[in-house]
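[1] Below is the sequence, then the predicted model.
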Amino acid sequence: MHHSPKTIVHLIRQGKIGGGESHVLSLVSRLDPARFRSVVISFTDGPMIDALNTLGVKNYVVPTTTPFNPFVKNKVTSILQKEEADLVHAHGTRAASNVFRSASEVNIPMVYTVHGWSFHKDQSKLLFIARNTSERFLVSKANHTICVSEANKAEGLSHFPMDRTSVVHNGVDFSRFRPQNNARDKIRLECGIPEGSFCFAYIVRMTVQKDPLNMVRAAAIAAEMDANIHFLMAGDGPLLEPAKKLALELNVYHRISFPGFRTDVPELLSACEAYVLSSLWEGLPIGIIEAMGMEKPCVVSDIDANSELIEDGKHGYLVPMQNAEALAEGLLKLSSDPKNSAALGKAASIKARKMFDLGLMTKRVERVYADLLGIPVSSDPVPHEPSERRVE
């Protein structure tokens, strides 16, 4: 018997492309169209809207940068009614806080994916309590909460009950992130990366979370020790100009390429030997998984979500966060031993392809939808997890 596809309305906080936005784009491009129809509501405009239009995914922009904004409720509710939504999937705190009322009003279930909690240990006590309370509330309103890492689930459970929750790791389309990408020469020429240099890719939105200023300080220390090191710091954001200014002050600007916001991430990675991420907190960083898929060893801050991906000494190195000297030491471990660096990269790729494939992630999300909607689980098998060998 043929059944019409169920309409899933996804909500995301912004149209600028970061980890959560990349996750949404990947998910809506892979959900089984015979079973699920996707509509996206974003709370700001940006490149993600262009990407959705290219994919042919219907979308709306409901402008707000404020969580728990009561003034967007009527607009969101009207979209859910117009699209005859069967389920809403809120990606992140702002999205969940601005849709839970509407989901309740039209009596449809809500899935809340936590791409990292909004409360962090470095916040003031008052802000931490406010954020923690709001997350507890949103989890209680969700029919199912998805955490993108075991670390995020454990952190949530340490603060409040999470009775209806599961872990679905972020997934990456490894048909795009392949070690065989041959854009190296083109990107090196375009971005001014010296041929023969050992280049580290740092591809992020330049915000406090990603700690780009500490990245620049570590780059200056490492560059002083190894004349062959170069850095590709790609992305925009509020700390881009301060990062450039600091690079000039530390006399390391000529060793860093700043190409700005780019969407050709596989090509950028192909031009580099390794990946680095100095973040202070994460859900489960897609950037690391993408780099792993392209056989890039990683030097990352030793926070729980990152250590779920990178095992120290096996896929790269874990270093204390906000410690420029330790970060520089990790960078130098890779640049000083290219042969070992390449071996770490291959081990990283094997792990990524086994555990963090986009097809695997999508089937797991579809199972959550099917359970909440009371429809049969897809008869398609969960994608085969490859054996631990290099994927050619």
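    Structure received.
[2] what's the neighbour count on Lys82?
    For Lys82, the neighbour count with other CB atoms under 10 Å is 10. (Each C-beta comes from the backbone N, C-alpha and C, glycine too.)
[3] so how far is Val106 from it?
    Look at Lys82 and Val106: by CB to CB, to the nearest Å, they are 11 Å apart.
[4] Got the confidence number for Gln14?
    For Gln14, the model assigns a pLDDT of 88.
[5] how close does it sit to Thr65?
    In this view, Gln14 and Thr65 are 8 Å apart by CB to CB.
[6] now do Ser197
    Relative to Thr65, Ser197 is positioned 40 Å away (CB to CB).
[7] Which of the two has more residues huddled nearby?
    More neighbours surround Ser197 than the other of Ser197 and Thr65, with 18 against 10 (other CB under 10 Å).
[8] what residues are up against that one?
    228-230 (CB atoms under 8 Å, 6 or more residues apart in numbering).
[9] same question, Gly19
    Shown in contact with Gly19 (CB under 8 Å, 6+ apart): 115, 170, 283, 285-287.
[10] And those residues, which is closest to Tyr253?
    Here the nearest of the contacts of Gly19 to Tyr253, counting by CB to CB, is Gly287; it sits at 23.2 Å.
[11] any residues touching the helix or strand the closest one falls within, and which ones?
    Using DSSP states H and E, the element containing Gly287 is helix 286-293. With CB under 8 Å, 6+ apart as the test, helix 286-293 has contacts from 19, 22-23, 170-172, 174, 177-178, 201, 203-204, 265-266, 269, 274-275, 277, 298, 300, 306, 309-310, 315, 345, 348-349, 351-353, 356.
[12] List the ones among the residues you listed that fall in helices.
    19, 22-23, 265-266, 269, 306, 345, 348-349, 351-353 (DSSP state H).
[13] Now do stretch 205-218: distance from first to last residue.
    Distance across stretch 205-218, first residue to last, is 18 Å (CA to CA, to the nearest Å).
[14] Buried residues of it, list them for me.
    Within stretch 205-218, the residues scored as buried using 16 or more other CB atoms under 10 Å are 205-207, 209-218.
[15] in the stretch 201-350 of the chain, which spans are strands?
    For the stretch 201-350 of the chain, applying DSSP state E, counting those that start in this stretch gives strands covering 229-234, 256-260, 274-277, 298-301, 316-319.
[16] now those in JSON lines, with mean neighbour count, mean pLDDT and distance to Gly92?
    Below are the strands of the stretch 201-350 of the chain laid out as JSON lines (neighbours: other CB atoms under 10 Å; pLDDT from 0 to 100; distance: least, CB to CB, whole Å):
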{"stretch": "strand 229-234", "mean neighbour count": "25", "mean pLDDT": "98", "distance to Gly92": "23"}
{"stretch": "strand 256-260", "mean neighbour count": "18", "mean pLDDT": "97", "distance to Gly92": "24"}
{"stretch": "strand 274-277", "mean neighbour count": "28", "mean pLDDT": "98", "distance to Gly92": "19"}
{"stretch": "strand 298-301", "mean neighbour count": "28", "mean pLDDT": "98", "distance to Gly92": "21"}
{"stretch": "strand 316-319", "mean neighbour count": "25", "mean pLDDT": "98", "distance to Gly92": "26"}
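[17] okay, those in CSV with distance to Leu87 next?
    Listed next are these as CSV, based on distance: least, CB to CB, whole Å:
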stretch, distance to Leu87
strand 229-234, 35
strand 256-260, 37
strand 274-277, 33
strand 298-301, 34
strand 316-319, 38
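[18] Figure out which of the ones you listed is closest to Leu240.
    That would be strand 256-260 among these, by CB to CB, at 7.3 Å.
[19] what lines up beside the closest one in the sheet?
    Using DSSP bridges, strand 256-260 pairs in its sheet with strand 229-234 (parallel).
[20] So what touches the strand it pairs with?
    Taking CB under 8 Å, 6+ apart as the rule, strand 229-234 contacts 191, 193-194, 197-204, 206, 212, 215-216, 219, 222-223, 243, 255-262, 268, 271-272, 331-332, 335.
[21] Next: stretch 48-62.
    With contact meaning CB under 8 Å, 6+ apart, stretch 48-62 is reached by 12, 14-17, 21, 24-25, 28-29, 38-45, 72, 75-76, 79, 83, 98.
[22] Show the buried residues in those.
    With burial judged by 16+ other CB under 10 Å, the buried subset of those is 12, 14-17, 21, 24-25, 28-29, 38-44, 72, 75-76, 79, 83, 98.
[23] Just these: which are in strands?
    Taking DSSP state E, the ones among those that sit in strands are 12, 38-42.
[24] As a check, name the ranges of all helices in the stretch 1-150 of the chain.
    19-30, 47-55, 73-82, 93-97, 100-105, 125-141, 150-157 (DSSP state H, counting those that start in this stretch).
[25] Ok, which of the ones you listed comes nearest Asn251?
    Checked against CB to CB, the stretch from those lying closest is helix 19-30, at 32.0 Å.
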